[in-house]
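1. okay, predicted coordinates and the sequence, questions at the end:
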Amino acid sequence: MSRLMNAFEATKRFFREAADQLDLSPRIERLLVTPQREVRVEVPLRRDDGRIDTFIGFRIQHDNARGPMKGGLRYHPAVDDDEVRSLASLMTWKTAVVDLPYGGAKGGVSCDPSTFSALELERLTRKFTDRIHEIIGPDRDIPAPDMNTNAQVMAWIMDQYSKYHGFSPAVVTGKPVDFHGSLGREAATGKGVFLATREALTDAGREMKGTTFVVQGFGNVGSFASKFFHEAGGHVVAVSDVNGGIRNPEGLDIPALIDHVQRTRTVVDFPGVDRISNEELLATECDVLVPAALDRVITLENAGDLRTGMVVEAANGPVDPEGDKILREREITVLPDILANAGGVTVSYFEWVQNIQQFSWPEEKINDELETIMVRAYRSVRRIAKEKSLPLRTAAFILGIGRVGKATTTRGI
Ligand code: NAD
């Protein structure tokens, strides 16, 4: 039953819990929940064999009280208005939690890009850009990569947008480093996950060294987070991807595993480990469990089976409200997505700033600024949680909603 809760409903539940604490009037609450603009477009694609296929694309702009809207673009069969609405709203609270001068948006095309050739992917991206170019822009709404979109896709969007509006590198972030992208962007979300986890462990009187981690998903976020845990002396004892999981109670050799995945595209045939399923992975004993793949993987059905002290939401929305309730009852700390995975949008912001300044920052500056922002955000959330005796998730929403609400009333409607 909990698997059926739709994504936007789940986000609204978390929002309401914080809104109740803030005593928001129902009118302001409705204003903050309702997306500002929802655009649904038809994206025709000429296939390589001459056929015409049609896909549906979305760009949902949730809020811009604090600045231009910001959020990823996903190419996936599960993309629909409900999912995009939920992710757009999470972006609004996330950019506010880390105090970036942005609002929130999200977009996507409902398609299976694994069936596309490179040329088809480019044509689809350019056509989608044709359909939304009037509502995005460096001062309006700045897309970025998400599932199945990457630096190359961002470069095509920038090029297509520039045909209408003149040279505009700041219209998207997550571009290739040698084409107006930023150093440090690729590792940024995993690095942010590592920094937030380090702060939470320190609060709990622990350190990285000797801490055991289980990571679901070994893509961009999961692999970089694992790398940083490993480098700091943590033991990553199990990881998985869409094909299944692997476990070694002594700790996996993460650099060797990253090499293996680069060669074979999957974790599963890594030598010298036990094979496990994704269900077994989630129930593997560890100090910190890091879901870094899909949304709604920890629910009413399996939250009671987890054997961990802390869940760090590296993915967006991996714990649903019913799963969250069980984790609270079991006193398992949850580091919420709008804090834990905000490192990506933070370095996207640095990329946008560099594009506007037409100046490149060295990687050390990027990493130092990222650390300052993540640590500050964690401590602000932690302070609210302590003062009000609330879970970190509710505290993070309180911080985000408070900032967006203040900007909304200051600007006026
Ligand atoms: P990715 O496509 O690089 O990697 C996803 C990983 O999840 C892959 O290893 C894939 O095999 C695995 N996976 C897919 N289905 C699975 C399943 N059923 N069971 C187990 N593993 C499965 O994606 P990513 O960029 O690492 O994003 C992962 C999550 O983090 C998403 O929720 C995304 O929205 C979120 N996120 C990403 C960023 C970013 O900067 N990339 C920023 C913030 C949040």
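-> Looks like it came in fine.
2. every contact and neighbour count from this point should use C-alpha atoms.
-> Will do.
3. which residues in this structure form strands?
-> Under the criterion DSSP state E, the chain contains strands at 37-46, 52-63, 69-75, 103-110, 141-145, 212-216, 235-241, 244-247, 274-276, 288-291, 310-312, 333-335.
4. the inter-axis angle of the first one versus strand 52-63?
-> In this case it means strand 37-46. 160 degrees (axes from the mean of the first three to the mean of the last three CA atoms, to 10 degrees).
5. cool, the fifth one as well?
-> Counting by the same axes, to 10 degrees, strand 141-145 points 120 degrees away from the direction of strand 52-63.
6. distance between the ends of stretch 290-307?
-> 12 Å (CA to CA, to the nearest Å).
7. do you know the pLDDT at the closest residue to the ligand within the stretch 1-150 of the chain?
-> Going by CA to the nearest ligand atom, the ligand is nearest to Met147 of the stretch 1-150 of the chain, at 4.9 Å. We have a pLDDT of 87 for Met147.
8. looks like it contacts Pro77 (just checking).
-> No: counting by CA atoms under 8 Å, Met147 stays clear of Pro77, with 10.9 Å between them.
9. so which of those two has more stuff around it?
-> Taking other CA atoms under 10 Å, Met147 and Pro77 do not tie; Met147 has more neighbours (15 against 12).
10. what does the stretch 151-300 of the chain have sitting close to the ligand?
-> Within the stretch 151-300 of the chain, the positions adjacent to the ligand are 189, 216-222, 240-242, 278, 292-294 by CA under 6 Å from any ligand atom.
11. narrow those residues to those that are buried.
-> 189, 216-222, 240-242, 278, 292-294 (16 or more other CA atoms under 10 Å).
12. in contact with the residue lying closest to the residue of the stretch 1-150 of the chain closest to the ligand once chain neighbours are set aside, which residues?
-> Distance criterion CA to CA, 6 or more residues apart in numbering; nearest residue to Met147, sequence neighbours excluded, is Arg74 at 5.0 Å. Taking CA atoms under 8 Å, 6 or more residues apart in numbering, we find Arg74 in contact with Gly107, Gly108, Val109, Pro145, Asp146, Met147, Asn148, Thr149.
13. same question, Ala292
-> Residues in contact with Ala292 (CA under 8 Å, 6+ apart) are Val215, Gln216, Gly217, Phe218, Val221, Gly222, Glu313, Ala314, Ala315, Pro318.
14. tell me which stretches of the stretch 1-150 of the chain form helices.
-> Taking DSSP state H, counting those that start in this stretch, the helices of the stretch 1-150 of the chain run over residues 7-22, 26-33, 81-97, 118-132.
15. tell me the most buried of those?
-> helix 81-97 (a mean of 26; mean count of other CA atoms under 10 Å).
16. just the CA trace of that one, in CSV.
-> The C-alpha trace of helix 81-97 is given here as CSV (Å, rounded to 0.1, in the frame of the first residue of the first chain):
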residue,chain,number,x,y,z
ASP,A,81,3.6,15.3,-13.9
ASP,A,82,3.3,13.9,-10.4
GLU,A,83,7.0,12.9,-10.1
VAL,A,84,8.2,16.1,-11.6
ARG,A,85,6.0,18.2,-9.3
SER,A,86,7.4,16.4,-6.3
LEU,A,87,11.0,16.8,-7.4
ALA,A,88,10.4,20.5,-8.3
SER,A,89,9.0,21.2,-4.8
LEU,A,90,12.0,19.4,-3.2
MET,A,91,14.3,21.7,-5.2
THR,A,92,12.7,24.8,-3.7
TRP,A,93,13.3,23.6,-0.1
LYS,A,94,16.7,22.2,-0.9
THR,A,95,18.1,25.5,-2.4
ALA,A,96,16.7,27.3,0.6
VAL,A,97,18.2,24.9,3.1
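17. tell me the mean pLDDT for it?
-> For helix 81-97, mean pLDDT rounds to 96.
18. hey, what's the angle from it to strand 37-46? Just curious.
-> Using the same axes, to 10 degrees: helix 81-97 against strand 37-46 is 120 degrees.
19. is helix 81-97 anywhere near the ligand?
-> No: counting by CA under 6 Å from any ligand atom, the ligand is not contacted by helix 81-97; separation bottoms out at 8.2 Å.
20. which other helices and strands does that helix contact?
-> With contacts taken as 3 or more CA pairs under 8 Å, 6 or more residues apart in numbering; DSSP states H and E, helix 81-97 sits against helix 7-22, strand 52-63, strand 69-75, strand 103-110, helix 337-340, helix 392-411.
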